[in-house]
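[1] Got a predicted model here, sequence first, then my questions.
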Amino acid sequence: MKPELLLFSLAAALLGACASVPSGRNAVVPDQALVTPQQAIFMAANAAPAGVEGVFIMRVQATGLQRDRTYLNSELDYRDQRNLTIAIAPIAARQLAERLGEHPSVALKGKDILVRGKAVRTTIRLIADGRVSDKYYYQTHVNVTDPAQINVR
């Protein structure tokens with residue numbers, strides 16, 4: 001292969017990759033170290049209550065909608081201690097729906113995603129007889145307020 005053709009092919013590939021990455025201060029940067037759900041949970045627990053910044057990689061196994069939030073889960077059961085939850089604010093969900101062509105709970109299910117944000121250990125209080133009880137468990141959440149925080153891999 002001629003050196004000019006090789007150089008042109010390499011430049012075209014690099015430019016094509018750049019075009020698919022959202023921009024903005026919350027955009028996912030592809031060459032950063034990626035954090036798995038298990039690593040995120042462990043790191044967030046160690047950093048609690050502060051949380052840990054990173055770019056998290058996960059396959060969306062399950063989704064949910066509660067009140068005004070959209071949830072993407074790394075496990076089928078969101079209560080699973082190995083689950084990492086991506087909690088998407090309403091405006092970000094609407095903007096993601098515009099970008100993806102359908103609501104993120106549908107468009108992202110089964111997909112591998114990269115999410116820039118802070119993984120935080122979140123206390124979930126249990127409700128008994130309509131009242132908040134003294135029982136609780138922890139989930140690890142990454143809150144998304146800007147659609148540029150999420151990139152489909």
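    Right, received. Where do you want to start?

[2] what about the strands in this structure?
    Taking DSSP state E as the test, the strands found in the chain are 34-35, 52-59, 62-66, 69-73, 84-88, 112-128, 131-144, 150-152.

[3] Partner strands of the fifth one and their direction?
    The sheet places strand 84-88 alongside strand 69-73 (antiparallel), strand 131-144 (parallel), with pairing taken from DSSP bridges.

[4] again, but for the second one
    Paired strands of strand 52-59, with direction, are strand 34-35 (parallel), strand 112-128 (antiparallel) (DSSP bridges).

[5] if we can go back for a sec, with distance to Ile88, mean pLDDT and mean neighbour count added, can I get the strands paired with strand 84-88 in TSV?
    Every residue, glycine included, has its C-beta placed from N, CA and C. TSV is the format used below for the strands paired with strand 84-88 (distance: least, Cβ to Cβ, whole Å; pLDDT from 0 to 100; neighbours: other Cβ atoms under 10 Å):
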stretch	distance to Ile88	mean pLDDT	mean neighbour count
strand 69-73	4	98	22
strand 131-144	5	96	16
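
[6] Grab the nearest non-local neighbour of the residue positioned nearest the centre of the chain.
    Among the residues of the chain, the one closest to the centroid is Val115, at 3.7 Å (Cα atoms, centre = their mean). Spatially, and ignoring its direct neighbours in sequence, Val115 is nearest to Phe56 (4.8 Å; Cβ to Cβ, 6 or more residues apart in numbering).
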